[in-house]
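Q: next one to model:
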Amino acid sequence: MTALVFEQFLSTPEVGAVFSDASIVQGMLEFEAALARAQALEGVIPARVAPLIAQACRVERFELAPMIAASSVAGTLAIPLVKQLTAEVAQLDAEAAGYVHWGSTSQDVIDTAMVLATRRAVELIDTRLADLIAATCALAERHRDAPMLGRTLLQPALVVSVGFKLVSWAAPLVRGRERLAVAAARALKLQLGGAVGTLSVMGDRGPAVAQRMAADLQLGVGPGNWHTQRDEWVALACEVGLLCGTLGKIAKDISLLAQAEVGEVAEPSGGGRGGSSAMPHKRNPVASMIALAAAMRAPHRVAALLSTMPQEHERGLGNWQAELAEWPGLFMSAHGAVNALADAVAGLAVDTARMRRNIDALHGLVFAEGVSMLLATHIGKSRAHALLEACSRQVVAEQRPLLDVALAAVAADVELNTKVSPDALRAVFDADATARRASALAQPQWDAIRKAL
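A: Model prediction:
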């Protein structure tokens, strides 16, 4: 039970309910009801028995704990479920009980139940992903041209803008949402093949039964079964894994910017959110924490799912069962991450004044590249670079503004003092102009993002 507590802490009740015992069993029963209806319409089983089977396919009629316990002995949850369902139908009609699960197999019912659950999980993820994208766009709109430090290798590099920063969050989210929809459309298909995939018990009516079932359950239907053809199914998991990585990048940025020493953003607080059991002053970025946990775990889950793909012949031994056990956790982590970040970004506090102070605290060193390129047009790149390295060392040693040091260096250089005006040099240090250029560079991406929404 302890492991379950910590799993729930990193996820949400909504997606937990999707993969709950009752939900999966209900999905299996929905398969059985749809199978009976389709077979009755195609004349595979007597028409009168389908409503009786469907009537019994309600999860509240079943004892789940004994069924789940029995599955470890039977080797599959489908065997005790079909046994209980047959008994339930027999109470209504003894003859109808003989047509339960007619011509199907365990993997058909379980895979389809997992497809039904996964469809709901993808819908939950997509809804919150749309919220997160919208919140990121709104944040960028409010602070588009505010200057902030761009950082490389965790060190201050150059000045960018908030709009430039946030497009690196939004663009992968939009692409990930589009890819997830495509992968889901390909993967969320009915599973129906019978014992070895040939639907032999149904004769020539098998494909028609599959078409009717797919329409009933509102699922796609492929050209045949996919018992051991797991490529499109696992491709969906890979897209969820990629999404977790994107969410982790956003969470990493937020958590670094939220450090007290940086103080440029802060996650929403209040109501006990982000508190510390020992230090009342702390404001912990808990949404980032949840998303980072998902990003750390998702690669291992995806790797486990990829490793289950080499399945033996027409039905796998152990690998399919491992896939079933790994599958829900990936989606639960993903929904926990996107849900947490959607709330965090919607309420993210952006301190543009602190961003400006952090730029100013570097005494203009983040404009050194711009100064170097300005001088390079007159004295060459190598000499300009060496000159700015010397100026930068002087700035650090004397804690003087780079602008003052550079103005003095240019004035003292006989080759530069007549070619580089003080106004041209000062223009390089204009943080607002630099930020606006960064925003303009990001604008085509923002236009594409808004067009995609």
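Q: all helices of the stretch 151-300 of the chain, in order?
A: Counting by DSSP state H, counting those that start in this stretch, the stretch 151-300 of the chain has these helices, from start to end: 162-187, 206-217, 231-257, 286-307.
Q: so which of those helices is nearest P46?
A: Closest approach to P46 among the helices of the stretch 151-300 of the chain (CB to CB): helix 206-217, 14.6 Å. Quick note: C-beta positions are derived from backbone N, CA and C, even for glycine.
Q: list the buried ones in the closest one?
A: Buried residues in helix 206-217, counted by 16 or more other CB atoms under 10 Å: G206, A208, V209, A210, R212, M213, A214, D216, L217.
Q: show me what it is packed against.
A: Where contact means 3 or more CB pairs under 8 Å, 6 or more residues apart in numbering; DSSP states H and E, helix 206-217 is packed against helix 21-41.
Q: from the chain's centre, how far out does the helix it packs on sit?
A: Centroid displacement of helix 21-41 relative to its chain, using CA atoms, centre = their mean, to the nearest Å, is 30 Å.
Q: just want the angle from it to helix 206-217.
A: Per axes from the mean of the first three to the mean of the last three CA atoms, to 10 degrees, the angle that helix 21-41 makes with helix 206-217 is 130 degrees.
Q: begin at 767 from now on, thanks
A: From this message on, residue numbering opens at 767, which makes the last subject helix 787-807.
Q: pull out the buried positions in helix 787-807.
A: Per 16+ other CB under 10 Å, helix 787-807 contains these buried residues: 789-807.
Q: which positions in the helix or strand that it is followed by come out as buried?
A: Past helix 787-807, further along toward the C-terminus, the next helix or strand under DSSP states H and E is helix 815-822. Along helix 815-822, these residues count as buried under the neighbour rule (16+ other CB under 10 Å): V815, A816, P817, L818, I819, A820, A822.
Q: run the angle between helix 815-822 and helix 787-807 for me.
A: Using the same axes, to 10 degrees: helix 815-822 against helix 787-807 is 170 degrees.
Q: and the residue lying closest to E798 once chain neighbours are set aside, what is it in contact with?
A: Spatial nearest neighbour of E798, chain neighbours left out: C823 (5.5 Å); criterion: CB to CB, 6 or more residues apart in numbering. The contact partners of C823, taken as CB atoms under 8 Å, 6 or more residues apart in numbering, are L795, E796, E798, A799, L851.
Q: any idea how far C823 is from A1024?
A: As judged by CB to CB, to the nearest Å, C823 and A1024 stand 50 Å apart.
Q: rewinding a little: mind putting the helices of the stretch 917-1066 of the chain into CSV with mean pLDDT?
A: CSV is the format used below for the helices of the stretch 917-1066 of the chain (pLDDT from 0 to 100):
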stretch, mean pLDDT
helix 928-953, 98
helix 972-983, 97
helix 997-1023, 98
helix 1052-1073, 97
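Q: nearest to E1033 among those helices would be which one?
A: helix 1052-1073 (5.5 Å).
Q: assumed S1158 was part of a helix.
A: Yes: counting by DSSP: H, G, I helix; E, B strand; the rest coil, S1158 is part of a helix.
Q: burial measure for it, as a count.
A: When neighbours are counted by other CB atoms under 10 Å, S1158 registers 19.
Q: hang on, it packs against A1172?
A: No: S1158 lies out of contact with A1172 (CB atoms under 8 Å); the separation is 9.6 Å.
Q: what does stretch 927-934 contact?
A: Here stretch 927-934 makes contact (CB under 8 Å, 6+ apart) with 902, 905-906, 909-914, 916, 1015, 1019, 1116, 1118, 1121, 1201-1202, 1204-1205, 1207-1209, 1211-1212, 1215.
Q: ok, back up a step: nearest to A1001, of the contacts of C823?
A: Nearest to A1001 among those: E796, at 24.6 Å, using CB to CB.
Q: does that closest one touch L985 like I think?
A: No: counting by CB under 8 Å, E796 does not reach L985; the two are 10.5 Å apart.
Q: find the residues that touch each one of these two.
A: Shared contacts of E796 and L985 (CB under 8 Å, 6+ apart): L882.
Q: for R1081, which non-adjacent residue is closest in space?
A: Nearest one to R1081, counting by CB to CB, 6+ apart, is H993 at 5.6 Å.
Q: contacting residues for that neighbour?
A: Contact analysis of H993 by CB under 8 Å, 6+ apart lists Q873, D877, Q957, G959, G963, Q1077, E1080, R1081, G1082.
Q: switch to 10 Å and redo it
A: 871, 873-874, 877, 957-963, 1077, 1079-1082, 1086 (CB atoms under 10 Å, 6 or more residues apart in numbering).
Q: pLDDT score assigned to it?
A: Predicted confidence (pLDDT) for H993: 97.
Q: hang on, K1015 packs against A1061?
A: Yes: assessed by CB atoms under 10 Å, K1015 is found in contact with A1061 at 7.8 Å.
Q: which one of those two has more residues nearby?
A: A1061 (23 against 16).
Q: would you agree the more buried one is in contact with S1021?
A: No: with contact defined as CB under 10 Å, A1061 does not count as touching S1021 (11.6 Å).
Q: centre-most residue in the chain?
A: L1009 (3.0 Å; CA atoms, centre = their mean).
Q: how about the nearest residue to that one, chain neighbours excluded?
A: G942 (4.6 Å).
Q: distance of that neighbour relative to L1013?
A: Distance from G942 to L1013, by CB to CB: 9 Å.
Q: likewise G1084?
A: When G1084 is compared with L1013 (using CB to CB), they lie 31 Å apart.
Q: higher neighbour count, those two?
A: Remark: of G1084 and L1013, L1013 carries more neighbours, 32 against 10, as counted by other CB under 10 Å.
Q: would you confirm that that one contacts P938?
A: Yes: counting by CB under 10 Å, L1013 does reach P938; the two are 9.3 Å apart.
Q: which stretches of this protein form strands?
A: Along the chain, counting by DSSP state E, strands occupy 913-918, 921-927, 1031-1032, 1115-1116.
Q: out of the ones you listed, which is closest to F772?
A: Closest of those to F772 is strand 1031-1032, at 25.7 Å (criterion: CB to CB).
Q: tell me the mean pLDDT over that closest one?
A: 96.
Q: show me what that strand is packed up against.
A: If you count contacts as 3 or more CB pairs under 10 Å, 6 or more residues apart in numbering; DSSP states H and E, strand 1031-1032 packs onto helix 997-1023, helix 1085-1112, strand 1115-1116, helix 1118-1126.
Q: neighbouring strands of that strand in the sheet, and parallel or not?
A: Counting by DSSP bridges, the strands paired with strand 1031-1032 are strand 1115-1116 (antiparallel).
Q: in the chain, which helix or strand is least confident?
A: Sorting the helices and strands of the chain by mean pLDDT, DSSP states H and E puts helix 768-775 at the bottom, at a mean of 74.
Q: that one to helix 1052-1073, inter-axis angle?
A: Angle between the axes of helix 768-775 and helix 1052-1073 is 120 degrees (criterion: the same axes, to 10 degrees).
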